[in-house]
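K.L.:
pasting the structure only:
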């Protein structure tokens, strides 16, 4: 493995992490810091997007440890496709083109007249000094004004990329020099929303009310309660779950793993007196045509 190949693989790791964080959250934006649930969710996302899989051992060998050789070409192709390229060769070519453009641009800059450089530098310094960095705080509550902590908040930047904001109790706090902020708020128990706010004060503080996701709560209620009319419960579940729904039960601790259910198996476990699925905790939920199309859950002890 050459030094250039090592640098390219490090860049590929960063693009893989950036792709994952566009739709998911992790403890750190640095993929070498991921572990446990972060790795499991990455394995799921890789399988969903490019129909491939890496083992946890492979992840530790190549993403968390210092590598001595490149992974196999099929794994490099798989990761390159996940990051938006055709394959490893396409990834390398596009990055070599970027490097060539940078070298050309640097050459041209070195031959610019001195007074033009000073003018551009002055404009740059002025633009920086003209911007005011503001402190922005958003807190999240439900209809009863109770704090909502099980949420993922993404800051949608001007280039449409997303930055995951860390939750402190039920608030996010960050600094920005933008005059308008756009956030995406997602939660397994509340309806997803996008908010747009003009930042008119410094600091700027606001409390956002979230609307309860009725179907998610109904599903949790069915998993926790008993009934004398199991057929009626089955009919209701048939109406709120899509026929092609992807349903995962995620296990943590010593029995860490994932179990996949189809719609009928899942409903059957919720509609028998001694079903195996009880007291579920929804980790992720998505909808299609007002029905549950994707569900990831665990069970409470």
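P.N.:
All right, it came through fine. Predicted, not measured: the structure shown is a model, and the values here were computed from it. Numbers count the residues shown, from 1 in each chain.
K.L.:
Now do residue 284 against residue 71, distance only.
P.N.:
29 Å (Cβ to Cβ, to the nearest Å). All C-beta spots, glycine's among them, are computed from the backbone N, C-alpha and C.
K.L.:
cool, and residue 145?
P.N.:
51 Å.
K.L.:
For those two, indicate the residue with more neighbours.
P.N.:
residue 71 (19 against 8; other Cβ atoms under 10 Å).
K.L.:
What ranges does the chain have for its strands?
P.N.:
Assigned by DSSP state E, the chain shows strands spanning 134-141, 152-156, 162-165, 171-176, 180-186, 193-198, 204-209, 241-251, 257-261, 280-288, 291-299.
K.L.:
can you tell which of the ones you listed is closest to residue 21?
P.N.:
Residue 21 lies closest, by Cβ to Cβ, to one member of these: strand 162-165, at 5.9 Å.
K.L.:
Which other helices and strands does the closest one contact?
P.N.:
strand 152-156 (3 or more Cβ pairs under 8 Å, 6 or more residues apart in numbering; DSSP states H and E).
K.L.:
Output the contacting helices and strands for the strand it packs on.
P.N.:
So strand 152-156, by 3+ Cβ pairs under 8 Å, 6+ apart, packs with strand 162-165, strand 180-186.
K.L.:
Show the average pLDDT along the shortest one.
P.N.:
To tie it back to what came earlier, the one meant is strand 162-165. For strand 162-165, mean pLDDT is 90.
K.L.:
Could I get the buried residue list for that strand?
P.N.:
Neighbour-count burial for strand 162-165 flags 162, 164-165 (criterion: 16 or more other Cβ atoms under 10 Å).
K.L.:
quick one: strands adjacent to that strand?
P.N.:
Strands that pair with strand 162-165, judged by DSSP bridges, come out as strand 152-156 (antiparallel).
K.L.:
One more: the last one?
P.N.:
Listed by DSSP bridges, the sheet partners of strand 180-186 and their directions read strand 152-156 (antiparallel), strand 193-198 (antiparallel).
K.L.:
Which of these has the highest mean neighbour count?
P.N.:
strand 152-156 (a mean of 19; mean count of other Cβ atoms under 10 Å).
K.L.:
Show me the shaky parts of this protein.
P.N.:
102-115, 122-131, 224, 227-228, 273-276, 301 (pLDDT under 70).
K.L.:
Could you chop it up by domain?
P.N.:
3-93, 134-209, 214-299 (automatic domain parsing).
K.L.:
Turn the strands of the chain into JSON lines, including distance to residue 234.
P.N.:
Shown next, in JSON lines, are the strands of the chain (distance: least, Cβ to Cβ, whole Å):
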{"stretch": "strand 134-141", "distance to residue 234": "35"}
{"stretch": "strand 152-156", "distance to residue 234": "32"}
{"stretch": "strand 162-165", "distance to residue 234": "38"}
{"stretch": "strand 171-176", "distance to residue 234": "40"}
{"stretch": "strand 180-186", "distance to residue 234": "29"}
{"stretch": "strand 193-198", "distance to residue 234": "32"}
{"stretch": "strand 204-209", "distance to residue 234": "34"}
{"stretch": "strand 241-251", "distance to residue 234": "11"}
{"stretch": "strand 257-261", "distance to residue 234": "15"}
{"stretch": "strand 280-288", "distance to residue 234": "17"}
{"stretch": "strand 291-299", "distance to residue 234": "15"}
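K.L.:
still on that earlier bit, any chance of the helices and strands packed on strand 152-156 in CSV, with distance to residue 262 too?
P.N.:
Formatted as CSV, the helices and strands packed on strand 152-156 follow (distance: least, Cβ to Cβ, whole Å):
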stretch, distance to residue 262
strand 162-165, 31
strand 180-186, 25
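K.L.:
With distance to residue 117 as extra columns, can I get the domains of the chain in CSV?
P.N.:
Shown next, in CSV, are those (distance: least, Cβ to Cβ, whole Å):
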stretch, distance to residue 117
domain 3-93, 29
domain 134-209, 25
domain 214-299, 51
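K.L.:
Just the endpoints, please. Distance across stretch 245-257?
P.N.:
Distance across stretch 245-257, first residue to last, is 19 Å (Cα to Cα, to the nearest Å).
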